[in-house]
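[1] Need a 3D model of the following:
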Amino acid sequence: MSRTKIDRETLPYRPCVGIMLLNRKGEVFVARRFDTKDAWQMPQGGIDDGETIEQAAFRELEEEIGTNRMEILAVSAEKLRYDLPDHLLGKVWKGRWRGQEQVWIAALFTGKDKDIDLDTKHPEFDAWKWMPADQLVDQIVPFKRAVYEAVLAEFAGVIKALK
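    Have a look, this model is predicted:
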């Protein structure tokens, strides 16, 4: 039985928003994916047709962590991209995308930790924590690390102002 090879170059990037959610100590919210036990990430998700980046960020946060209590502090100047590794290409997002093109938002969490509830309608995560920004990249799956490094660099001033 032959397998159809997916031509990465013909697939578009999924429009996406990522949220660097920060607490008042400048720590970053990360959650561990159900499907990959060693994969921690910041909340992120697709931008629906007709949605603004800000609307998508509030919606995604609510969908992923059960609360959208945040105040937007900054929006990335550039869109950042990552490609899926070969073993995921064609398997996630119904095979429609080669990776994601993300606009990132730095936001202050305005709720209390008890507001965070991973038991959402479509759970993606099984654990969460606040993490010092300088430990973030080491906890992220390798194919997303360059994006996370760029996000940290862009929002370094925002993080520093909270400490």
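
[2] Wasn't Asp138 part of a strand?
    No - applying DSSP: H, G, I helix; E, B strand; the rest coil, one finds Asp138 to be helix, outside a strand.

[3] quick one, strands of this protein?
    13-22, 28-33, 40-41, 44-46, 70-75, 80-83, 99-109, 125-131 (DSSP state E).

[4] Pull the distance from the first one to the chain's centre.
    In terms of Cα atoms, centre = their mean, to the nearest Å, the centre of strand 13-22 is set 5 Å apart from its chain centre.

[5] Now do that strand: which elements does it pack against?
    Counting contacts by 3 or more Cβ pairs under 8 Å, 6 or more residues apart in numbering; DSSP states H and E, strand 13-22 packs against strand 28-33, strand 44-46, helix 53-65, strand 70-75, strand 99-109, helix 145-154, helix 156-162. Every C-beta, even on glycine, is put in place using the N, C-alpha and C of the backbone.

[6] let's go with 7 Å and repeat that
    Applying 3 or more Cβ pairs under 7 Å, 6 or more residues apart in numbering; DSSP states H and E, we find strand 13-22 packed against strand 28-33, strand 44-46, helix 53-65, strand 99-109.

[7] and the residue nearest to the spatial centre of the chain, what does it touch?
    By Cα atoms, centre = their mean, the mean C-alpha position of the chain lies nearest to Gln44, the distance being 3.1 Å. Counting by Cβ atoms under 7 Å, 6 or more residues apart in numbering, Gln44 touches 16-19, 60, 102.
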